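# just a sequence and a predicted model for now, questions to come.
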Amino acid sequence: MAIYEITGYQTGVSQSGVNYLQPADAFQNIINGFIYRQVLQSRQGAGYFAPRLVEKTRVYGIFEHILPDGTTQLLVFDKNFLYKYNTTSGIFDKITFAGALAGYAGFDIQSNDFYISGVSYPDKDNEPRFVFTGVGIALSGTSAIFFYDGTNVLDYTALGDNPEYVPPPMQTINRAKYVTFFNGRLNFISPQITIGLGTVTYNQAILYSGIRDSSGNGDKFSVAGSGMLEADTSESINGFARLGQVLALNFSRSNWVAEKTRDAFNPYFIRKVPSVLGTSASFSTVSWGDTCRSLGKTGVIGTDGRESLRVDDKIPGFTLALPLNDGNDNTLDYFSKGIDQLGFNLTYGGFDRDNNQYLWSYKESGSELTTQNRVLVNNYEENTWSVTDQRFTVFGQSELGLNLTWDEIDETSGNESWATWDTTEEIWDRIGLGLATQKTLAGDNLGFIYELNQDYDDYYADISGVAVGATTTLTITASGILAGDQLTVSSVGGMLDDDGNSGINNYDPATKENSGFFWNVISVTDTTVEIDLDSNNLTAYTASTGHVSKPISFRCETIPFNPWRSQGKRCYVSHIELLIDNTGSSVYVDIFADEETTPFKANVLCKPTQDTTKAREWITVVVDNEANFMTFVLKQDSPGVQFRLTSMRIHCEPGGDTSG
């Protein structure tokens, strides 16, 4: 009998064919998981990085502000204001408008896809500044280009705030789509400029200052070495990235680069890069190393400044939102829906350095939400793809965070889970490592900032009260939980049924076991969640204790399996073996024959014995069936345990002649 061992080196989504399986190309349609170093695993959770922003509005940007002395600050933008992370208190402080902006009411960003672009750019005296702009920022007078000087938000184009600023001759800079510090200059990409009585947006241009020096030329747009460079095309710039000595410009149908020259008076030349498609989502461009990737409506493209290639061979049709599977109830339909074409420009790109992953938050096709509700994940090293159900608007990076000491471990300042020792969600061996470790951050539509890869659950919150009734309302700490979510409840005192069993707790933190079901969220407010529990006949809630969290629903399927299909033979599978980490994780297996809608084996539990002498354990599932091809679906719903599969072995032999 043959044995096929699968490590899942590459993954895609659907449209993979049904007649082959190779050990290096085994899994598809991974939901809330990923493959890293050939290990298939469910994703970790997203923990709250800090308490909610005070305005409770959509997050439009997260930036690491690098100061001239090498230190960093963490800046966040919402609909109206800039915030700076306070490393002492662990909260985001709202920054005031001053100078020419003293009477400014706020950015007043009206569209969900009007993201902010910003860059660290010191002044002539090498004092720190963060310059930012965006097409959605409300004008202050004639300008929507501002800067943060470490204390206040000021107007970059107001001479009282920035005495060194000089506009282009006979012109006024109003705003730009992007801003970056490159080639010793401040560069506004797709600038909007007023000339006389008219305002023009230069969708193909880079407006650049003189070289930054002690005389202030870095803020002057009329000196020698400043100017505007336009690409010879009618297309619009829909993204940019710094790639070493070039500035990659992603247009709607092509890719170009602005390359440095040795001529200080003509600092750039622009050239077109051979490409097969362009970029549609203006903030989807993500750079890493010497390449950048971005999303177009007809595919995902990668460019290194020399050539541009499609990199979405494993997710064909995903950005087109075309049906990718047969639509039966047992297939995984996250991928079949793809990205909503009308909301395509909501897509925002990020990078997870922990797992070498590109991240794109997007709105799923068919979703009734007005914002993103999914994240497309691509590990560029291993060519793996997956989707998570996280609702992020933007991504960012930071090395800042609370550096907890033992004396500071309590439930204050966003650390509610430390209220009691036996229920904390933090990992013990990471205490004190919050500062100076690289973090991937994300914001959402509600003003929350999250840290990715944080423990193993989502939207953790503490319960302080319970209102009984035909449905049950929990009073909780601020969270990103929404109606339609599923929840676990744990550590609630009281609320027992007639048999003395808990009628509300459906998760045990000590054993990391859930009761086989989750509560459905009916409605939410800032401080409450209503769940579908009739608690009229339960005993009273006895103490201000308890916790809720959103379980992570991991799903994955193999490419339909039959290594003898090319020989006209069916495949007989005796059994399969799964090598699972012995950390309390478990997984259920469904087995389908010939893509039928109902599995011939369903919900087979694979759970290690938790023998502490073994790092991982082989678990056997008996199959004993023959088919044209078989598909194995792995699934886990867990609020507290990460599933990790190191290997999968299929024991099989050729069957009878194929049919149909």
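Alright, I've got the coordinates.
# domain ranges for the chain?
2-45+554-657, 458-550 (automatic domain parsing).
# nearest to residue 197, of these?
domain 458-550 (46.5 Å; CB to CB). (C-beta placed from N, C-alpha, C; glycine too.)
# averaged pLDDT, that closest one. What do you get?
In this model, domain 458-550 has an average pLDDT of 93.
# returning to what we had before: could I get the domains of the chain as JSON lines with mean neighbour count and distance to residue 305?
Converted to JSON lines, these look like this (neighbours: other CB atoms under 10 Å; distance: least, CB to CB, whole Å):
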{"stretch": "domain 2-45+554-657", "mean neighbour count": "19", "distance to residue 305": "26"}
{"stretch": "domain 458-550", "mean neighbour count": "18", "distance to residue 305": "38"}
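# which one, of those domains, ends up nearest to residue 281?
Of the domains of the chain, nearest to residue 281 by CB to CB is domain 2-45+554-657, at 18.8 Å.
# and that closest one, how far out from the chain middle?
Put simply, domain 2-45+554-657 sits 26 Å off its chain's centre (CA atoms, centre = their mean, to the nearest Å).
# all numbers from here: first residue = 33
Okay, residue one is now 33; in that scheme the one you just asked about reads as domain 34-77+586-689.
# okay, how far is it across it, tip to tip?
18 Å (CA to CA, to the nearest Å).
# quick one: average confidence on it?
pLDDT averaged over domain 34-77+586-689 gives 85.
# any idea how far residue 372 lies from residue 396?
6 Å (CB to CB, to the nearest Å).
# for the closest residue to residue 478 other than its chain neighbours, what are its contacts?
Among residues not flanking residue 478 along the chain, residue 512 sits closest, at 5.6 Å (CB to CB, 6 or more residues apart in numbering). Going by CB atoms under 8 Å, 6 or more residues apart in numbering, residue 512 touches 423, 476, 478, 480, 482, 491.
# secondary structure added to those residues, as JSON lines?
What follows is the contacts of residue 512, written out as JSON lines (DSSP: H, G, I helix; E, B strand; the rest coil):
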{"residue": "423", "secondary structure": "coil"}
{"residue": "476", "secondary structure": "coil"}
{"residue": "478", "secondary structure": "coil"}
{"residue": "480", "secondary structure": "coil"}
{"residue": "482", "secondary structure": "strand"}
{"residue": "491", "secondary structure": "strand"}
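# from these, which is closest to residue 561?
Closest to residue 561, out of all of these and judged by CB to CB, is residue 491, at 9.7 Å.
# for the closest residue to that closest one other than its chain neighbours, phi and psi?
Excluding its sequence neighbours, the residue lying closest to residue 491 (CB to CB, 6+ apart) is residue 582, at 4.4 Å. Backbone dihedrals for residue 582, given as degrees, to the nearest 10, come out at phi -100, psi 120.
# who's residue 582 bridged to?
Applying DSSP bridges to residue 582 gives these bridge partners: residue 490.
# residues contacting it?
Counted by CB under 8 Å, 6+ apart, residue 582 has contacts 489, 490, 491, 513, 517, 518, 519, 520, 671.
# can I get the residues you listed in a markdown table with distance to residue 94?
Converted to a markdown table, the contacts of residue 582 look like this (distance: CB to CB, whole Å):
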| residue | distance to residue 94 |
| --- | --- |
| 489 | 22 |
| 490 | 18 |
| 491 | 19 |
| 513 | 21 |
| 517 | 23 |
| 518 | 28 |
| 519 | 27 |
| 520 | 28 |
| 671 | 26 |
